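Colleague: Quick one: sequence and predicted model below, then my questions.
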Amino acid sequence: MPTILHNCRVIDAVADQPHERYDVVVADARITHVEATRPRLPHEGTLIDASAYTLLPGLIDCHAHYTLDPWAADPFHQVAHESVGMTMLRAARTARDGLYAGVTTVRDAGAPRQLNFILRDAINAGLIPGPRILAPGCAITITGGHGITFGVEADGPHELQRAVRAQMRDGADVIKIVASEAAMLTGPEAAVEELSQAEIELLVAEARRRGLRVFSHAQNSTSVIRSALAGVDSVEHAFLANAEAITTLRTHNITLTPTLAVTQVTLERDDLTPAFRERMLRIREQHWWSCEEAIRQGVNVVASTDCGEPCIYPSLLWRDICLLHERGLPRMDAIKAATSRAASLLGVEATVGSIVVGKQADLILVAGNPATDLASLADVRLVMKSGEVVYTR
């Protein structure tokens, strides 16, 4: 029996304006009709009165660590010292909360011991609720480099090649590499590059051999430029990128995942030391500038949370969408950064990311109108994943 989401405002992530008073019909996990509202007969399907709500595609978080616990004071220390079973129970909570906040697809950004494969497979098997996950296994970093908690260390061409092949052998959907240090940990002056351009090119070539996409943690200008020239699909963070680095992204058509929420929400914590707060203020200033410059230059940007950092919860994707708008992205483009444009980056645009006939029925209802108030994305009332209502309030 079809399900009819009746008489709602539809933001389809294709058009630049909402469609008012529309019906969206779902059957066999797919969207079968998107049409102007008309009277419906009982035999046509199960009717959900959505007249007070806005319907959107399920949201896509392009950078999250679901196996790191954002409720922990130190997620990295916690995951290194607790049992795998406890880590997975925490990850199940994170996945559930993300799904219930309207996130139906996630690109995981690296997990210790490839635990994101277990989480992905448990969700796919229907054992626990959660978004569908594109998992890289472990991130690939240098010995002693950033991300060793959720990565695998490798040095030189032979080891790097083995590392990326191991992730692909074990089931990677995508490859995550770490091209620089992290300014939040070292300070902006010390956030130097860690992979050479030749090493990034090797990793990209090896991933392409199996048809996989590559995303690169790169925060300073040199690492951003190296990643772009090597042909990664997206650069993550770019906190410290200068105008030349942003221009390189634009010239080579590389997407930026700025993870704006992580610096902003971190600064809202009340437990920061004065020294760390001062560091974060300097980083946020540079971070905002680099994102604004990317938007000014027309670089494609997508939304993400960097969930897994302390207090960066899976439900905060709406904050990143709002921050993208505050940095200069028009509201509808900010919504597309978490829907259709995100799906294109991840290579899943044929099935999800927009409300189009034939696509998978990943849909959310929110109170209010995100086209005029992006904060209404925080008020999710219904989540449908693959045509099944998985959450309603």
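Modeller: That came in fine, so what should we check first? Here the structure is a predicted model, which is why all the values come from computation and not from measurement.

Colleague: From start to finish, how long is stretch 187-199 in a straight line?
Modeller: Stretch 187-199 has an end-to-end distance of 25 Å (CA to CA, to the nearest Å).

Colleague: The stretch 1-150 of the chain: helices as residue ranges?
Modeller: Secondary structure of the stretch 1-150 of the chain (DSSP state H, counting those that start in this stretch): helices located at 75-81, 84-100, 115-124.

Colleague: Of all those, which one is nearest residue 372?
Modeller: Smallest distance to residue 372 across these (CB to CB): 24.4 Å, for helix 84-100. All C-beta atoms are positioned from the backbone trio N, CA, C, and that covers glycine.

Colleague: still on that earlier bit, is it possible to get JSON lines of the helices of the stretch 1-150 of the chain that adds mean pLDDT and distance to residue 251?
Modeller: Listed next are those as JSON lines, based on pLDDT from 0 to 100; distance: least, CB to CB, whole Å:
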{"stretch": "helix 75-81", "mean pLDDT": "93", "distance to residue 251": "35"}
{"stretch": "helix 84-100", "mean pLDDT": "98", "distance to residue 251": "34"}
{"stretch": "helix 115-124", "mean pLDDT": "98", "distance to residue 251": "32"}
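
Colleague: Mind putting those into TSV with distance to residue 294?
Modeller: Output for the helices of the stretch 1-150 of the chain, formatted as TSV (distance: least, CB to CB, whole Å):
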stretch	distance to residue 294
helix 75-81	28
helix 84-100	25
helix 115-124	27
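
Colleague: As CSV, those with mean neighbour count and distance to residue 155 would be great.
Modeller: Below are these laid out as CSV (neighbours: other CB atoms under 10 Å; distance: least, CB to CB, whole Å):
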stretch, mean neighbour count, distance to residue 155
helix 75-81, 17, 21
helix 84-100, 19, 27
helix 115-124, 20, 24
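
Colleague: Report the contact partners of the closest residue to residue 45 other than its chain neighbours.
Modeller: Once flanking residues are discounted, residue 45 sits nearest to residue 2: 3.4 Å by CB to CB, 6 or more residues apart in numbering. Listed by CB atoms under 8 Å, 6 or more residues apart in numbering, the contact partners of residue 2 are 25-27, 32, 44-46.

Colleague: out of those residues, which is most surrounded?
Modeller: Taking other CB atoms under 10 Å as the neighbour criterion, residue 26 ranks highest of the contacts of residue 2 with 24 neighbours.

Colleague: Surely residue 184 and residue 283 touch.
Modeller: Yes. Counting by CB atoms under 8 Å, residue 283 is a contact partner of residue 184 at 6.4 Å.

Colleague: any residues in contact with both of these two?
Modeller: Common neighbours of residue 184 and residue 283, counting by CB under 8 Å, 6+ apart, are residue 263.

Colleague: distance of residue 309 from residue 144?
Modeller: Distance, residue 309 to residue 144, using CB to CB, to the nearest Å: 21 Å.

Colleague: between those two, who's got more neighbours?
Modeller: Each of residue 309 and residue 144 has its neighbours counted (other CB under 10 Å); residue 309 has more, 21 against 9.

Colleague: how about the helix or strand of the chain with the lowest mean pLDDT: buried residues?
Modeller: The weakest-scoring helix or strand in the chain, judged by mean pLDDT, DSSP states H and E, is helix 183-186 (a mean of 86). Applying a neighbour-count criterion of 16 or more other CB atoms under 10 Å, one finds 183-184 buried in helix 183-186.

Colleague: Run the chain-centre distance for it.
Modeller: 21 Å (CA atoms, centre = their mean, to the nearest Å).

Colleague: next structured bit after that helix?
Modeller: Later in the chain than helix 183-186, the nearest helix or strand by DSSP states H and E is helix 197-209.

Colleague: Provide the contact partners of that following helix at residue level.
Modeller: For helix 197-209, contacts defined as CB under 8 Å, 6+ apart pick out 140, 157, 160-161, 164-165, 168, 175, 177, 179, 195, 213-214, 216, 226-227, 229-232.

Colleague: Please name every helix or strand in contact with the top helix by length along the chain.
Modeller: Longest helix in the chain by number of residues, with DSSP state H as the criterion: helix 274-297. Counting contacts by 3 or more CB pairs under 8 Å, 6 or more residues apart in numbering; DSSP states H and E, helix 274-297 packs against helix 183-186, helix 243-251, helix 260-267.

Colleague: Any idea which of these has the lowest pLDDT on average?
Modeller: Sorting those by mean pLDDT places helix 183-186 lowest, at a mean of 86.

Colleague: got a list of what the residue nearest in space to the middle of the chain touches?
Modeller: Nearest to the geometric centre of the chain sits residue 62, at 1.8 Å (CA atoms, centre = their mean). If you count contacts by CB under 8 Å, 6+ apart, residue 62 has them with 107, 234, 257, 302-304, 342, 345-346.

Colleague: What is the nearest of those residues to residue 240?
Modeller: Using CB to CB, residue 257 comes nearest to residue 240 of the contacts of residue 62, at 15.0 Å.

Colleague: And the pLDDT for the closest one?
Modeller: pLDDT recorded at residue 257 is 98.

Colleague: What residues does the closest residue to residue 14 other than its chain neighbours make contact with?
Modeller: In this structure, residue 14 finds its nearest non-sequential neighbour in residue 354, 5.2 Å apart by CB to CB, 6+ apart. Contact analysis of residue 354 by CB under 8 Å, 6+ apart lists 12-14, 57, 339-340, 343.
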